[in-house]
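>>> Provided below are the primary sequence and the corresponding predicted coordinates.
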Amino acid sequence: MAAPAINELVKTRSEIKLIWRAFELRPEPFPLPDATSDFFTNMWRDSIYPLAEGLDMEIKMPTIKPRSRITHEASKWANSVGKFDEFKEAIFRAYFKRSKNIGEIETLLSIAKKLGLKADSLQNALETNEFLEEVLTDENRAESIGLNVVPAFIADGKSGLTGLQPVENLTKLIQSI
């Protein structure tokens, strides 16, 4: 959600490389949570909405909590065709503005089509698990440094910040490198 702010911060330091990694919040076999529970409603009211407002971002609480492995595979595919940033932003908009189930192939194919990408190529990549190993490698990397929450911001290969962060904290992290 803070992607534009992060991208701008990184541009100020040419030696810093921003790398987005896959991380599943709700992997199989764990049950999916109730997206409209008091826990999520309170979290959005007390933390996420105020931060989004401070960043002048319009978002709404998603009404679903999908599995994300296939979304990460699709993002790896988008990266392979040079459209990662556009695809990632479209996924965020679909989920955080329209509560679309980004864990469904049809949603991901629709996003690809809207971006002018070859949806049949994406479908083939997903059906053949072409990028599954890359996703699993990212997840293993996160586990090896003890990450269990998103977003997480890693500096110099070590854990930096986790959870929703104001721009000031991200700026301090980048300045610490």
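That came through, no problem.

>>> Ramachandran coordinates for residue 161?
Backbone torsions of residue 161, given as degrees, to the nearest 10, read phi -130, psi 150.

>>> Identify the spatial nearest neighbour of it, chain neighbours not counted.
Of all residues not flanking residue 161 in the chain, residue 153 sits nearest, at 4.4 Å (Cβ to Cβ, 6 or more residues apart in numbering). Heads up, the C-betas are built off the backbone N, CA and C, glycines and all.

>>> Model confidence score at that neighbour, please.
Predicted confidence (pLDDT) for residue 153: 85.

>>> helix/strand/coil for it?
The assignment at residue 153 comes out as strand when based on DSSP: H, G, I helix; E, B strand; the rest coil.

>>> shouldn't it be in contact with residue 170?
Yes - with contact defined as Cβ atoms under 8 Å, residue 153 reaches residue 170; the gap is 6.5 Å.

>>> hmm, back to that, which residues does the residue nearest to residue 161 contact?
Contacts for residue 153 were tallied using Cβ atoms under 8 Å, 6 or more residues apart in numbering; they are 6, 160-162, 165, 170, 173.

>>> Residue 143 belongs to a helix?
Yes - Residue 143 forms part of a helix when assessed by three-state DSSP.

>>> What is the burial count for it?
11 (other Cβ atoms under 10 Å).

>>> Check which element follows the longest helix belonging to the chain along the chain.
When the chain is parsed with DSSP state H, its longest helix is helix 84-98. Downstream of helix 84-98, the first helix or strand assigned by DSSP states H and E is helix 105-114.
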